[in-house]
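# give me the fold of what follows.
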Amino acid sequence: MIRALACLVPLLAATAAPAWEARIGAVCELTHAEAGGDVRVTYDPAVPEYAITIRRAAGAWPEGPIFVIRFDGRRALTIQTNRHALSEGGAALTVTDRGFGNVLDGLQFNETATAYLGDTALPFALTGPEPAAPAVEEFRRCTEGGLV
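Numbering: from 1, shown residues only. Take a look at the predicted model:
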């Protein structure tokens, strides 16, 4: 019985909620993946420009004039733009800008984020065993020379 439990521990750890991760390099990167899709936030100091790319695992985003990302939690916030682009056959949606303070605040200080385009919604967890906040803090340190 103990041997069986010992074998389950690595399996349970492997299926735990995926972590938000910050990677420091020539381009700062914040990533997260869940069953529904993945999020990648980057900051390229050479441009300087931020980008958020949200990929759906279940196919393409619909065409739509307005992209919305809603953050729910203690600092609830809704951001919308018509400056989004679809790529990868419509599966990836990207927004770029020179400032991303509201996006980073939303990721760091809330419980969930939900991306909307047309009638399609894709939620992401920001809290739990692997919360977004520590990775967002690291990402912010990486971008300190920029416009956070």
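
# hey, let's count contacts and neighbours off CA atoms from now on
Fine.

# middle-most residue in this structure, spatially?
Residue closest to the mean C-alpha point of the chain, counted by C-alpha atoms, centre = their mean, is residue 39 at 3.5 Å.

# can you tell me the SS state at it?
strand (DSSP: H, G, I helix; E, B strand; the rest coil).

# check contacts around it.
By C-alpha atoms under 8 Å, 6 or more residues apart in numbering, the contact list for residue 39 reads 30, 31, 32, 33, 52, 53, 54, 55.

# what's the following helix or strand after the helix or strand bottoming out on mean pLDDT in the chain?
When the helices and strands of the chain are scored by mean pLDDT, DSSP states H and E, helix 2-14 comes last with a mean of 37. Going down the chain from helix 2-14, the next helix or strand is strand 21-23, by DSSP states H and E.

# flag every buried residue along that following strand.
Neighbour counts over strand 21-23 (16 or more other C-alpha atoms under 10 Å) mark 21, 22 as buried.

# run through the neighbouring helices and strands of the helix or strand following that strand.
Toward the C-terminus, strand 21-23 is succeeded by strand 28-34 as the next helix or strand (DSSP H and E). Secondary-structure packing of strand 28-34 (3 or more C-alpha pairs under 8 Å, 6 or more residues apart in numbering; DSSP states H and E): strand 21-23, strand 37-44, helix 133-142.

# so what strands line up beside strand 28-34?
strand 21-23 (antiparallel), strand 37-44 (antiparallel) (DSSP bridges).

# related to what we said a few turns ago, could you dump the helices and strands packed on strand 28-34 to TSV with distance to residue 105?
Formatted as TSV, the helices and strands packed on strand 28-34 follow (distance: least, C-alpha to C-alpha, whole Å):
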stretch	distance to residue 105
strand 21-23	15
strand 37-44	13
helix 133-142	9
